[in-house]
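A.B. asks: let me see the structure of the following:
(3 chains)
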Amino acid sequence: MDSNPDRREFVLGFVAAAFGAMLAPQSAAASGALRDQPWAVWDYKNKPVRGGYFRTAVERYIGKMNPNHWPVLDWISMNYFHERLMLTDGEYKPVPWLLEELKFEDPQTVLMRLREGVEFHDGSKFNAAAVKYQMEWIRDPKSNAWTAAWLAPLVSIDVVDERTLRWKFNVAWAAFAGVMANAPGFAMSAAALQADVEKYDSEPRGTGPYLLEEASPDNFLKLKRNPNWWFARASGNSEMPYFDGIHISVIPDPAVRLANLRAGKIDALTLDKSQYAALKDDPSVTVYRLPASHVNALRFNTTKGVFQDVRLRTAVSHALDRKALIAGTQLGFARLASCMFPGDHWCHNPELAPVAYDPALSKKLLAEAGHANGLTVRGYYINTTMGQTIAEAVKNMLAKVGIDWQVDLLPATALATRMQALDYDLASSGWLFIHDPDLMPTGLYHPNGGFNFGRSKNDAAIALIEAGRREIDFDKRQKIYWQLEKVLYDAYEDAWLWWEETLVAYRKNVMGRDHENLLKYKDVWFWSHPLWFKDGKA
Amino acid sequence: MTDIVAITPVRPSGAILLRRAVVRHRLAACGLIVILLFCAMAALAPWISPYSPYEQDLYAVLSGPSAAHWFGTDNLGRDLLSRTIYGARVSLLFGISSTALSAALGVALGLIAGFRGGWVDGLIMRVTDAFLCFPPLIFILATSAALGPGLHNVVLSFTLFAWTGFARIIRGQVLLVRELPYIEAARASGLTPRRIMLAHVLPNTLAPLIVAVTITVGLAILLESGVSFLGLGVQPPTASWGKELRVGFTYLETVPLFSIAPGLMITLVVIAFNFLGDGLRDALDPRLRGAGPVRK
Amino acid sequence: MAMGSYICVRLLHALVILALVTMLVFVIAQLIPGDAVMAAMASSVDMNDPAVVARVRHQFGLDQSILVQFSNWLTRYLTGDWGTSIGTGQKVHAMFIQRLPVTLELFLGATAWSVMIGIPAGIISALKRNSVVDVAVSTGTMIGVSIPSFWEAIMLIYLFGVVFPILPPSGYVPFAEDPLLNLKSMVLPTFVLGTHFAGLLARYVRSSLLEVLSQDYIRTARAKGLSERAIIVLHALKPAMIPVVTVIGLAWAHMLAGAFIVEVIFAIPGLGRMSVDAIFQKDFPVVQATLIAVSVNVLVVNLLVDIVYGYLDPRVRVNQ
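C.D. replies: Okay, the predicted model is just below:
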């Protein structure tokens, strides 16, 4: 049912930009003019046409619609009606969106300039007072915002004028821009929050291209076009967004989602990889393949049990034929991983090569470490269909070198318990939505990390993680993360398997998708180039 | 003209029951044959499977039928035909063992309830009713989730639920039988209640019990697929029909046989058990002999 | 036994059962592994921070003893406060009310199908025992009972939703919003559910009709020279339908939350899906509330059926 490795990792990963995309005074983030941006190009062959309800399907209902309240189960839909202060670009660096400019006056002070002419769906103004109210609301313990911890370094926010704020931190906060590109950065109407905070969970008031029209829990979400979308005006494309609305159906089963696409009942769908074969020759749809900023890995318990010995970790990592795993379990739709940051991420260390498949080496190391007659280790994996497939394939590979991996397939909550209790030797790992470089390393390798619980204690890595949080200079920060990858890589701290890819299918009458530029600019391209229907209807 | 048949209390042995059912009810006969065929398939699995059900080939996943793999391969490149054959073992074993366990528990409690009467009977019956308040699949799901992964836990959960049906049936039968004169005589002659229960009462309750058993096996096999649908049940790499059906479901468009084969197997076996049960019930019911013109 | 005391006894039984059920549900909900707090806080980076964990546990009342939790929950439940779902944050009571009409519609449709298919099948089967017709009909209804429901569902979705697109493949639209679409989307799910019970119903009708037909008074009627048809229609059918009431009652019990596989496949927001999701997310409030509601419902229906039986067939009362 759940195609994501771990729901919590999903959210934390998404929120990854929290501690730190980098920010140098001279970066593109500083400049404000929209039309100067390299992605601000709309030279379409065919003129966009207004009209039609765009229909799509998701696995789960969104849940709560206040991004700071748990649980939110559908962040894609969230982005239709809430927009963030910053987005990310093709290398996952933050770029201003609702902000015009974000400038570090000194490592502990930021001057933030908001865009003008932006309104919330309830007509109230997006201004400095609203942003200040929202951020202070998040920090207030009474608000029960799960994002509060990310604003921990914040000391004060001062309104300088209608569109300017000065933020003061108690440390050099390198990750600040990344936080603004993430959950706390979704702009919410202060007026609505003030009026009725509980109601906001089901009646959101953002700035996005669509407003909530109707919500039927566990069934569908219906959104309608926002005629006052600021971006339409600011970019000179007054007809944006082009759809009259969006209809998001909740369909739990992937086979049934595909049937709906086939029957023409939905216009776009994120596919299960196995569905590609069925659709690639279908004349009514086009299938696109995109890199996704998720990493799939296996985690070692390096502080308890046999994997304290680096030789055994090395043995496991070399016993895995990653190419075969990708061919078999991902049907070829994944990128071979060297370490934790995806290949197209600015923090990815280009000098590291994927670990080679060398079962002979594994056997040799096992013997050296005293396990010539085999080794039994325990662990777990998520019990979704994909999880089972991967676990079985890995188990089989390890068996070939004499390692018996007793893997339990568990649902998410049971898995979380085992992870917390360090009740495993080798288990599933990974991270979703790797945007900011600090969140994943902290989560996985720092003592305070939400997914560590003491299973990993690499002092060199910890020192680098802490340095990366404070380094304001972009190039220096990048080098810190490259070094971090090398340290973890050399120590075989985890076995990284692949970086993800997504397959999306669109019906042929959906226009405006520029795949090349989407690959180049990713997030910011997607939200600045809304799609439309040919002839304006579904 | 109708048959006017004197209805005498007959206590047919199991063998006579079976023969009566098979002769009278051709569907039941077919059912029995199908069941025996599947049992044979399960028993002979290592000899008739072309491949090991565990041999993976990651470069040949989800392929359609071919000369090398008659049914194609699954999501790990394993031969589907072999997995379907081996799947019979698990599904049939699960069906039979969980039914056996629930029957044992249910019969024991039903005997006690029917024979003892009084507050013991009242308590057991109320507990039965309490268990029966839950929709079967939800109950089994919840208990499986509580007990943890693994087929043995599903067997346990199923037993915890299915004993109620047996208890009810047996109790009903005991209530009918215990008033019979020869039971009174046995009591009068000083036999212990336990001996009376086991040696005299139980054999007379076998008829509906056998029917219930056949139908419960079918139910168990169906429930196994339902439980697998939600990720509980058999642990990999074991193949069971329910598990294969569930996994194959995802790949319906690419490799339809992946789910059609186990789906068909489950349906066939369950139908077979149901028909056998129906035939046995028909054979057992003396009242049906006088029920009007029987068209052949 | 007089009717009055019969009812009282049945009522007493029902209350005892309810008490047992309540405890059973609570125990099961507790035993499911995984921590509700973990599930609730899954996103927070301070999961390691004991102060935060303690705060959330206190919020959900998980820091008190089991007995206290149980009694707190029970009192609140009886006063209509069914708590807040840990998984969605909605009020459980509201969630229940939202989904009840959906499940009700599923049940009504399924019952309609099973009656339409099952009763005629049972009658034919009884009257033409062991003939080719009997075989065909029996096999047909038996398939409905024997086929795994989610498999039957997806086959039908492809057949009538994709290949011959006359029905929507999945989804639910409230009747008030679009009656025609609502009915069209309900055809396949109710059919899948209905075929399951049609087989059961056919069996009951068959055996009950056969039993009635073997009664003395039927033989008398035959001896008097009445046509077979008249016998069946005038004398046999009505009494044979009594067990049908039981089966429909049984179906109601199963369908209320047991239809969840159908709800998942057809993407229908009903009670079954809600309860199953809650079981897996260890969402106590929802699990407990739903199971209790379902059980109460079953008890009420069984009670009613028992009373109806007791009224129709005095022998039942005596056997108590």
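A.B. asks: for chain B, just list every one of the helices.
C.D. replies: B:14-24, B:26-43, B:45-48, B:80-116, B:118-132, B:136-147, B:151-177, B:181-188, B:193-195, B:202-204, B:206-229, B:241-250, B:257-284 (DSSP state H).
A.B. asks: write out the residues of chain A neighbouring chain B.
C.D. replies: Residues of chain A lying close to chain B by CB under 8 Å from any CB of the partner chain are A:1, A:253-255, A:258, A:272, A:274-275, A:277-278, A:321, A:324-325, A:327-329, A:331, A:383-385, A:388-389, A:391-393, A:395-396, A:408-411, A:414. C-betas here are computed from N, CA, C, even on glycine.
A.B. asks: just the buried members of those residues?
C.D. replies: Buried members of the residues of chain A next to chain B, counted by 16 or more other CB atoms under 10 Å in any protein chain shown: A:1, A:253-255, A:258, A:272, A:274-275, A:278, A:321, A:324-325, A:327-329, A:331, A:383-385, A:388-389, A:391-393, A:395-396, A:408-411, A:414.
A.B. asks: residues in contact with A:F453?
C.D. replies: Neighbouring residues of A:F453 by CB atoms under 8 Å, 6 or more residues apart in numbering or on different chains: A:M419, A:Q420, A:A421, A:L422, C:N48.
A.B. asks: top of those residues by neighbour count?
C.D. replies: Each of these was scored for neighbours by other CB atoms under 10 Å in any protein chain shown, and A:M419 scores highest at 24 neighbours.
A.B. asks: need the contact list for that one.
C.D. replies: Going by CB under 8 Å, 6+ apart, A:M419 touches A:Y380, A:A427, A:F451, A:F453.
A.B. asks: nearest to chain C: which residue in the stretch 101-250 of chain B?
C.D. replies: Closest contact between the stretch 101-250 of chain B and chain C, by CB to the nearest CB, is at B:P135 (3.3 Å).
A.B. asks: and that residue, how close does it get to C:W252?
C.D. replies: Distance, B:P135 to C:W252, by CB to CB, to the nearest Å: 10 Å.
A.B. asks: for these two, indicate the residue with more neighbours.
C.D. replies: Higher neighbour count among B:P135 and C:W252: B:P135, with 24 against 18, using other CB under 10 Å.
A.B. asks: so that one is in contact with C:V294, correct?
C.D. replies: Yes: counting by CB atoms under 8 Å, B:P135 touches C:V294, with 6.7 Å between them.
A.B. asks: how many residues are close by residue 260?
C.D. replies: In the absence of a named chain, this looks at chain A. The number of residues packed near A:N260 is 24, by other CB under 10 Å.
A.B. asks: other chain: chain B
C.D. replies: Burial of B:I260 is recorded as 16 neighbouring residues (other CB under 10 Å).
A.B. asks: which residues sit against stretch B:64-78?
C.D. replies: A:274, A:328-329, A:385, A:389, A:392-393, A:396, B:50-51, B:53-63, B:79-81, B:83-84, B:244, B:247-248, B:250-251, B:255, B:257-258, B:261.
A.B. asks: and the residues you listed, which are buried?
C.D. replies: Buried members of those, scored by 16+ other CB under 10 Å, are A:274, A:328-329, A:385, A:389, A:392-393, A:396, B:51, B:53-54, B:56-58, B:60-63, B:79-81, B:83-84, B:244, B:247-248, B:250-251, B:255, B:257-258, B:261.
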